[in-house]
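Asks: Give me a model of this one.
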Amino acid sequence: IEFDQVEDAYKALKAGQVQALVYDSPRLLYQTSQNREYQIVGELFAEQDYGIVLPQGSHYREPINRIILQLQEDGELTNLEQKWFPSNQ
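Replies: Down below sits the predicted model:
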């Protein structure tokens, strides 16, 4: 079954209309951290990166790149990931 909105998929799961969801792992990790009734099973099967889209020539590009690099270097991205997407174990 395909859903237009992920919220509709969660409603169907809660109502027992579907037995599982396949979706982006960050969203599923967050949802399962907020609702321990569900759990993630198996392994990721299609790892993908995320990006930020800006208009060509945007003056925000360099500051955003610097901030992301700094967050990576000082470990803050890992801290944020652990805060918002805790392990489902």
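
Asks: Report the spatially nearest residue to residue 13, omitting neighbours in sequence.
Replies: In this structure, residue 13 finds its nearest non-sequential neighbour in residue 21, 5.9 Å apart by Cβ to Cβ, 6 or more residues apart in numbering. All C-beta atoms are positioned from the backbone trio N, CA, C, and that covers glycine.

Asks: count of neighbours near that neighbour?
Replies: As a burial measure, residue 21 scores 17 neighbours (other Cβ atoms under 10 Å).

Asks: for residue 9, same thing?
Replies: 19.

Asks: excluding its backbone neighbours, what's nearest it?
Replies: In space, and not counting its chain neighbours, residue 9 is closest to residue 3: 4.3 Å by Cβ to Cβ, 6+ apart.

Asks: now do residue 18
Replies: residue 12 (4.7 Å).

Asks: Run through the helices of the chain in chain order.
Replies: 6-14, 25-34, 61-73, 76-84 (DSSP state H).

Asks: Enumerate the positions of the longest one that are buried.
Replies: Going by neighbour count (16 or more other Cβ atoms under 10 Å), nothing in helix 61-73 comes out as buried.

Asks: What is it packed up against?
Replies: helix 76-84 (3 or more Cβ pairs under 8 Å, 6 or more residues apart in numbering; DSSP states H and E).

Asks: what does the helix it packs on contact?
Replies: 30, 33, 68, 70-71 (Cβ atoms under 8 Å, 6 or more residues apart in numbering).

Asks: and if we set it to 10 Å?
Replies: For helix 76-84, the surrounding residues in contact (Cβ atoms under 10 Å, 6 or more residues apart in numbering) are 26, 29-30, 33, 67-72.
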